[in-house]
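Engineer: One predicted model, sequence on top.
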Amino acid sequence: MSAVQLLGIGFACVAAGAAVSILPLRALGRAVTYVGVGAGAAAFGASAVSVLAGQGTAMFALSPASHVALRLDPLAAAFTLIISAVAAIVAIYALGGQTADEAGDGRPAARSCALIFLASIAICTADDILLFVFAWELLALAFYVAIAFAGTDPRRSSAAYLTAVITHGAAIGLIAALVLSSRGATFELSMALHTANAASVVSGLAFVLALVAFGAKAGLLPFPVWMARGYTAAPALVAALMAGGALNVAFYGLARFTLGIGGNPPLWWALTLLGCGALAAFFGIAWGAAQRDIRTLAAYSSVENAGIVVIGIGVAVAGRAVHLPLIVGVGLAAALLHATSHAFAKCTIFLGCAELVSRVGSTEFENLGGLWRSLRATTLAVLVAGGSLAALPPTGGFAGEWMTFEALLQAFRTQSPSAEISFALTGAAVGIAAGIAVVAFVKVIGVGFLGAPRTAAARDAMPSRSLGRLIGLLLGFAAVLGTGVAAPQYLALLRPAIDGLSLTGATSAILAEPPVIQPAFAGFSSTWPLGLGLVIAGFALGFALLVALVRRPRGHAVPVWTSGGTYRPWTQYTGTGFVNPTRVVLDAGIRVRRTIAVTNDSGGTGRVTYESETREFFGVPFWSAIGALFLRVADLVRATQSGVIAAYLSYILIFVIVALIAYPAIRHW
C-alpha cells in the first residue's frame, strides 16, 4: 500500500471518529472516536515510516481549483511520525475509560482529540497555502473547543478566550508570511518557499512574521501565557495530545520556513532563533519550577523544551548561513531528537496527571504525597518522563539535550564572532535551564509522589483497574526510554530528513562509530545513552549489594523528631518550600510577589498568613494592554462608518489616488 493511500485511510479514520463523536451515542460514541484516532495514527505512522524508509516523497493533488494538495516529504514524515505516535498512546489510554476532568459523557474531549490530531497532520502534509492556513485555523479552533467545552475547570472560559486571541492573532502573521513568500505567483507551498530569495528584505520580513506565528503556537516569549492556562483548563487527556503532539507543528513550520527557503538564509535569522530559544528555555523552566500545580509546571516545561528545539533549528540555520552542511545536519538532528523525546515525555506527564485527577481529585502539590505506594504505574511513568525532561540518562531527553549542547559547541567552526558569542551564551542558558529542570522534576516526584500523604484523598487513593490506562502509561514509559536507548537507530530512520535538508551525509557522520552518537565531527565528543544508563544502574546495584553484604550494628526505628512535636504530613517540604532557594536566586526573572499579613483574633492572638505569587513578564496584564490598544484603533475605524454615501465615495477616491501613485514601486517590487 502506498504512502498516499495510507494518508487517505488515516484522514478517513480520524474524520469518521470526529463525526461519530457528534452522534448521541454517549460512551459508545467516545470509544468509537478514539478507535478512529488510533486507527488513523497507525495509518499515518505507517505512511511516514514508508517515506523515511526510502519510498520517496508522497504527493497527492486534486484539481488546482480545489486547493487540496498533500506532500509527505521526509521532513513532514518525521513530524507526522512523532504526532501519530503520541496520538496512538493517547487513544489507547482513553479507551480505558473516561477521566474525572472530562465534561459530560466524554464525547467533547474525544471530539477535541480527533480535531487536534486531524488538523496537526493536515498542517504537516499540506502543500497548498490555502489548505495550510485552513488546517492552522482548524487547529486553533480545536484548541478552543478542547479548553472551553471538553473539561470541567471553572477557569476554562477565560483560558479558551485567551488561547483563541493569541493563536488566531498569530495566524495573521502566518498569512502575511505566506503571501510575502509566494508573491502571489503560486499556491504551492513548497514551490513558493523554494523560489523565494532568502537574502531579500521581503523574505526577512516573512521570516519575522513566521517566527511570530509559529512562536505563538510553541509558547516562545512573549506568548507562553496561553499554554499555562490552556493546558491546565483542558482535560489532562487532551492536554497530552496538545503538548505532546500538536506543539510539534510549530517546530515543523519553523524548519520548513527557514531551511526550505531558496538560497542561504542570512546569519541574523539563526541568531534570532538562538536568542528566542535561549530566553524560552531559561524563563520557561524558571517559571515552571515555582508553580504549585503539576499541570502548570508541565505547561511551562513545554516552553523550556520548545526553546531547546528552536535552538537546534537555529544551529541548523546558522550552518546553512555559513556554508557548513555538517552543522546543518547536527542542528536538525538535535532538534528532531529533542522534539521526539519531549513529545513522549510530555504526553506521559499529562496522562499521569489524568490519573491523579481521577484517583486523587487534584494535581496540586499540597493535595498529593505518598502516592508511590498505591499508584505504582503512574509513579513509574511520571518518574521516567520527569527524568527525561530533566535530561537524565538514558532517557530521550538526555540524548536530545546532549546533542543540542554539542551542536552549540561547534561555534568555533563558523569563523563568525557574532555566531560564536551567540552559541556560547545560548549554551550557558541551556546548561542553567537543565539544572533548574532537575530541581523542578525532583519536586514533582519528591513532593507529589513520595513522602507521606498530605490529604485523605491521597491516602485513600486506589489504582485504576483499567487495562487501557495501564497500557497507555506503560507505552509512554517505554517511548521515553526507547527514544534515548535507541537514539542511534532512530536517527538512522530520520536519515532522509536530516541528510535531505543538510545536503550532505550528516547522519553517517553522527553515527560513524556505533553504538555511540557524536556531533558529526570525528574525535570531538560522543555518548552512548544506553551505556551511560547501564553504568549508572551498575553503580546503584553495586552500592545496594555493598549495603546488603556489609554487617552493620542493629538499629531500631523511632518516631521522626519534629522539634519536639508529633509528626504530621504538613511538616514535610511543601512544593513552594522545596524550590524556595531557587526562587530566591532567580527572583528577578521569576518575579515573586510575597504578602505577609498579621491578623488578631478575639483573644488577641496574632496569626501570620504568608502568600506568594509568580508573575510572568508577559502575563494577562500585558495582553490586556495590547487588547486595549486594538480596541482604541477599532473605535477610530468605527468613527469612519458614518453611513453617508458621500464619505464612502471619498474613501474610494483617496484609495485609488494613493494606489496610482504607488503603482510603479509596487510593480517593481
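Structural biologist: Everything's here; your move. Numbering: from 1, shown residues only.
Engineer: where do the helices sit along the stretch 501-650 of the chain?
Structural biologist: Using DSSP state H, counting those that start in this stretch, the helices of the stretch 501-650 of the chain run over 506-510, 529-549, 575-578, 580-585, 587-590, 620-639, 645-668.
Engineer: For the nearest residue to residue 285 once chain neighbours are set aside, give me its contacts.
Structural biologist: Closest residue to residue 285 apart from its sequence neighbours, by Cβ to Cβ, 6 or more residues apart in numbering: residue 304 at 4.0 Å. C-betas here are computed from N, CA, C, even on glycine. The neighbours of residue 304, taking Cβ atoms under 8 Å, 6 or more residues apart in numbering as the test, are 280, 281, 282, 284, 285, 288, 433, 437.
Engineer: In this structure the first one contacts residue 221, no?
Structural biologist: When you say that, I think you mean residue 280. Yes. In this structure residue 280 lies within contact range of residue 221 using Cβ atoms under 8 Å: 5.8 Å.
Engineer: Now do stretch 181-188, average pLDDT.
Structural biologist: Mean pLDDT, computed over stretch 181-188, is 72.
Engineer: List the buried residues in that stretch.
Structural biologist: 181, 182, 187, 188 (16 or more other Cβ atoms under 10 Å).
Engineer: And the last one, how far from residue 114?
Structural biologist: Put plainly, it is residue 188. According to Cβ to Cβ, to the nearest Å, residue 188 stands 28 Å off from residue 114.
Engineer: And the strands in the stretch 301-450 of the chain?
Structural biologist: Here the stretch 301-450 of the chain has no strands by DSSP state E, counting those that start in this stretch.
Engineer: Would you confirm that residue 75 contacts residue 252?
Structural biologist: Yes. Applying Cβ under 8 Å, one finds residue 75 in contact with residue 252, separated by 7.2 Å.
Engineer: what about these two, which has more around it?
Structural biologist: residue 75 (24 against 21; other Cβ atoms under 10 Å).
Engineer: what's the neighbour count on the closest residue to residue 372 other than its chain neighbours?
Structural biologist: The shortest distance from residue 372 to any residue other than its chain neighbours is 4.4 Å, reached at residue 379 (Cβ to Cβ, 6+ apart). Per other Cβ under 10 Å, the neighbour tally for residue 379 reads 20.
Engineer: Return the per-residue confidence for residue 379.
Structural biologist: In this model, residue 379 is scored at 92, pLDDT.
Engineer: Return the residues in contact with it.
Structural biologist: Residue 379 is in contact with 371, 372, 445, 449, counting by Cβ under 8 Å, 6+ apart.
Engineer: how much space is there between the first one and residue 568?
Structural biologist: Between residue 371 and residue 568 the distance, using Cβ to Cβ, works out to 18 Å.
Engineer: Pick out whichever of these two has more residues nearby.
Structural biologist: For residue 371 versus residue 568, neighbours defined as other Cβ under 10 Å are more numerous around residue 371 (25 against 11).
Engineer: Could I get the contacting residues of that one?
Structural biologist: 356, 359, 360, 378, 379, 448, 449, 453, 458, 461.
Engineer: tell me the mean pLDDT for the helix or strand where residue 498 lies?
Structural biologist: Per DSSP states H and E, residue 498 falls inside helix 495-502. Taken as a whole, helix 495-502 has a mean pLDDT of 91.
Engineer: Run through the neighbouring helices and strands of it.
Structural biologist: On a contact count with 3 or more Cβ pairs under 8 Å, 6 or more residues apart in numbering; DSSP states H and E, helix 495-502 meets helix 74-94, helix 294-321, helix 325-359, helix 506-510.
Engineer: Relative to the whole chain's centre, how far out is it?
Structural biologist: Relative to its parent chain, helix 495-502 has a centroid offset of 23 Å by Cα atoms, centre = their mean, to the nearest Å.
Engineer: Derive a ChimeraX selection command for the buried subset of the contacts of residue 304.
Structural biologist: To isolate the buried ones among those in ChimeraX, judged by 16+ other Cβ under 10 Å, type:
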select :280,281,282,284,285,288,433,437
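Engineer: For residue 47, give its distance to residue 437.
Structural biologist: 34 Å.
Engineer: Please disregard the earlier target; I meant residue 494.
Structural biologist: From residue 494 to residue 437 the distance is 25 Å (Cβ to Cβ).
Engineer: Report how many residues lie close to residue 354.
Structural biologist: For residue 354, the count of nearby residues is 30 (other Cβ under 10 Å).
Engineer: Show the pLDDT at the residue nearest to it when sequence neighbours are not counted.
Structural biologist: Spatial nearest neighbour of residue 354, excluding adjacent residues (Cβ to Cβ, 6+ apart): residue 236 at 3.8 Å. We have a pLDDT of 92 for residue 236.
Engineer: you'd agree residue 236 is up against residue 293?
Structural biologist: No. The pair residue 236 / residue 293 is not scored as a contact, 11.2 Å apart, by Cβ under 8 Å.
Engineer: and for these two, which residues touch both?
Structural biologist: Contact criterion Cβ under 8 Å, 6+ apart; residues shared by residue 236 and residue 293: residue 363.
Engineer: The two: which has the busier surroundings?
Structural biologist: The residue with more neighbours, out of residue 236 and residue 293, is residue 236; 29 against 18, by other Cβ under 10 Å.
Engineer: ok, the more buried one - contacts?
Structural biologist: 99, 101, 295, 350, 351, 353, 354, 357, 363.
Engineer: By neighbour count, which of those residues wins?
Structural biologist: Of the contacts of residue 236, with other Cβ under 10 Å as the count, residue 350 tops at 33 neighbours.
Engineer: Give me the spatial nearest neighbour of it, chain neighbours excluded.
Structural biologist: Spatial nearest neighbour of residue 350, excluding adjacent residues (Cβ to Cβ, 6+ apart): residue 240 at 3.7 Å.
Engineer: Likewise for residue 79?
Structural biologist: residue 252 (4.3 Å).
Engineer: Likewise for residue 570?
Structural biologist: Closest residue to residue 570 apart from its sequence neighbours, by Cβ to Cβ, 6+ apart: residue 454 at 7.2 Å.
Engineer: cool, residue 153 as well?
Structural biologist: Once flanking residues are discounted, residue 153 sits nearest to residue 233: 4.3 Å by Cβ to Cβ, 6+ apart.
Engineer: Report the separation between the one you found and residue 160.
Structural biologist: 7 Å.
Engineer: Now the common contact residues for these two.
Structural biologist: In contact with both residue 233 and residue 160: residue 147, using Cβ under 8 Å, 6+ apart.
Engineer: Show the end-to-end separation of stretch 485-500, please.
Structural biologist: Start and end residues of stretch 485-500 are separated by 25 Å (Cα to Cα, to the nearest Å).
Engineer: no no, stretch 175-191
Structural biologist: This stretch, stretch 175-191, spans 16 Å end to end (Cα to Cα).
Engineer: And for the helix holding residue 498, what's in contact with it?
Structural biologist: Here helix 495-502 makes contact (Cβ under 8 Å, 6+ apart) with 51-52, 54, 73-75, 77-78, 255, 259-260, 316, 319, 325-326, 328-329, 332-333, 336, 491, 505-507, 510.
Engineer: Check those residues for burial and list the buried ones.
Structural biologist: The buried subset of the contacts of helix 495-502 - by 16+ other Cβ under 10 Å - is 51-52, 73-75, 77-78, 255, 259-260, 316, 319, 325-326, 328-329, 332-333, 336, 491, 505-507, 510.
Engineer: Of the contacts of residue 379, just say which sits nearest to residue 128.
Structural biologist: Ranked by distance to residue 128 (Cβ to Cβ), these are led by residue 445 at 46.2 Å.
Engineer: Surely that closest one and residue 382 touch.
Structural biologist: Yes. In this structure, residue 445 is within contact of residue 382 by Cβ under 8 Å, at 6.9 Å.
Engineer: Show me the shaky parts of the stretch 151-300 of the chain.
Structural biologist: By pLDDT under 70, the weakly predicted segments of the stretch 151-300 of the chain are 184-185, 196-197.
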